[in-house]
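K.L.:
below is the sequence, then the predicted model.
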Amino acid sequence: MAFLVRRPVDERALIQRVAAPDRGGIACFLGTVRNHQANREVRRLSYSAYEPMAEAECRRLLDEAAARWPVAMALEHRLGDLAIGDVAVAVVAAAAHREPAFEACRYVMDQLKHRVPIWKREHFADGTVAWVDPTGTHAPNPPAEVARG
């Protein structure tokens with residue numbers, strides 16, 4: 001199962017993957033491309049990854065969640081160019097009750113941001129482009145870049 005995709009994320013398929021008659025609580029987080037960052041207008045994003053490592057780390061995250069909570073999990077993160085409003089990431093957790101589903105969903109999303117080598121490149125309205133550290137600060141790796149595009 002691939003966690004990184006170059007096609008639109010299909011959150012309904014992810015929900016179907018984890019749904020079962022004994023799982024009454026399904027939590028879903030969708031991260032979509034917004035039109036601003038740090039008071040600057042964003043026109044689009046580009047995501048790239050070190051794919052073998054990112055795929056392995058996504059698998060570890062889902063295994064960790066399943067070991068901590070009685071849940072079934074699904075995850076997809078899109079790579080490539082995305083427009084404003086596109087779904088960049090979807091995390092789905094299903095459990096017998098809502099609380100473990102909420103907790104596992106949040107855990108996987110938070111850990112994904114910190115541990116999985118996926119990089120975001122923001123394309124701003126003024127023509128500049130910058131790599132962004134997913135934890136919220138501009139990243140030194142890949143090198144911070146500002147270019148006219």
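P.N.:
Arrived safely, thanks for sending.
K.L.:
run through the bridge partners of the spatially most central residue of the chain.
P.N.:
Against the mean C-alpha coordinate of the chain, by C-alpha atoms, centre = their mean, the closest residue is residue 89 at 3.3 Å. Counting by DSSP bridges, residue 89 is bridged to residue 31, residue 77.
K.L.:
quick one: the helices in the protein?
P.N.:
11-18, 51-68, 98-115 (DSSP state H).
K.L.:
how about the CA coordinates for the last one, as CSV?
P.N.:
The C-alpha coordinates for helix 98-115 follow below in CSV (Å, rounded to 0.1, in the frame of the first residue of the first chain):
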residue,chain,number,x,y,z
ARG,A,98,-14.7,8.0,19.0
GLU,A,99,-12.0,8.8,21.6
PRO,A,100,-9.4,6.3,20.4
ALA,A,101,-10.2,7.3,16.8
PHE,A,102,-9.7,11.0,17.6
GLU,A,103,-6.5,10.3,19.5
ALA,A,104,-4.9,8.0,16.9
CYS,A,105,-5.8,10.4,14.1
ARG,A,106,-4.2,13.3,15.8
TYR,A,107,-1.1,11.3,16.8
VAL,A,108,-0.5,10.2,13.3
MET,A,109,-1.0,13.6,11.8
ASP,A,110,1.3,15.3,14.4
GLN,A,111,4.0,12.7,14.0
LEU,A,112,3.8,12.8,10.2
LYS,A,113,4.6,16.5,10.3
HIS,A,114,7.7,16.0,12.5
ARG,A,115,9.1,12.7,11.3
